[in-house]
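Novice: heads up, no residue letters with this:
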């Protein structure tokens, strides 16, 4: 079964894709929704150049689609339909773990595009999931977080120890509720690690994030 991955550039979409492939599904294309200017990803604030690096290391095409929050759903459905025809797709893979409104939305947009929504990580234990990701060779860096965590977490590589530290602080170790987002630097799907541009750390409206130099 051919599939598109809803690719954020972070650990959950990466591990969902790995799990789908282990189940025998075939990845054909990555999809990322960008901000209006098409330069930065809407969910994780990653430059298109970094997402393109990830796609190149996997030997897969990446579709970066500019959207506003207002036209996001319509554009998502339209691009799913286009990709279904172009790549003979049957499914779309998502990295959500247990946010029911996200699953409901994904089921809805996939149904509109006549695709099956697959969520390989759905309802799995968070700390177990993080440990599995790390054991399977996903190297991932925190690229944004809330002010409860603070700027000092930005740029840190996620380890089992760090996940446990977050868990003990009452922070979801997967960041499923938006506490933090990650960037996959290397994983078994990549031919080699991506190269990161220089960055600075900034805080804006209760959120800390990495500000990437023009990559």
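Specialist: Received the coordinates, thanks. Just so you know, these numbers come straight off a predicted model, no measurement behind them.
Novice: For the chain, just list every one of the strands.
Specialist: Using DSSP state E, the strands of the chain run over residues 2-6, 26-34, 62-66, 91-93, 116-118, 139-146, 180-186, 199-204, 207-212.
Novice: Mean pLDDT, mean neighbour count and distance to residue 80 for those - can I get that in TSV?
Specialist: C-beta coordinates here come from the backbone N, C-alpha and C atoms, glycine included. Compiled in TSV, the strands of the chain are given as follows (pLDDT from 0 to 100; neighbours: other CB atoms under 10 Å; distance: least, CB to CB, whole Å):
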stretch	mean pLDDT	mean neighbour count	distance to residue 80
strand 2-6	98	24	7
strand 26-34	97	20	8
strand 62-66	96	17	10
strand 91-93	98	23	6
strand 116-118	98	19	10
strand 139-146	97	22	26
strand 180-186	97	24	23
strand 199-204	94	12	32
strand 207-212	93	19	28
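Novice: nearest to residue 84, of those?
Specialist: Nearest to residue 84 among the strands of the chain is strand 2-6 (8.0 Å), distances taken as CB to CB.
Novice: Point out the other helices and strands that that closest one packs with.
Specialist: Packed against strand 2-6 by the contact rule (3 or more CB pairs under 8 Å, 6 or more residues apart in numbering; DSSP states H and E) you find helix 11-22, strand 26-34, helix 72-87, strand 91-93.
Novice: mind giving me JSON lines with these and columns for distance to residue 206?
Specialist: Formatted as JSON lines, these follow (distance: least, CB to CB, whole Å):
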{"stretch": "helix 11-22", "distance to residue 206": "22"}
{"stretch": "strand 26-34", "distance to residue 206": "23"}
{"stretch": "helix 72-87", "distance to residue 206": "22"}
{"stretch": "strand 91-93", "distance to residue 206": "31"}
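Novice: Quick check: the residue of the chain most remote from its centre vs residue 102, distance?
Specialist: The centre of the chain is farthest from one residue, residue 168, which by CA atoms, centre = their mean lies 24.3 Å away. Applying CB to CB, to the nearest Å, the value for residue 168 to residue 102 is 26 Å.
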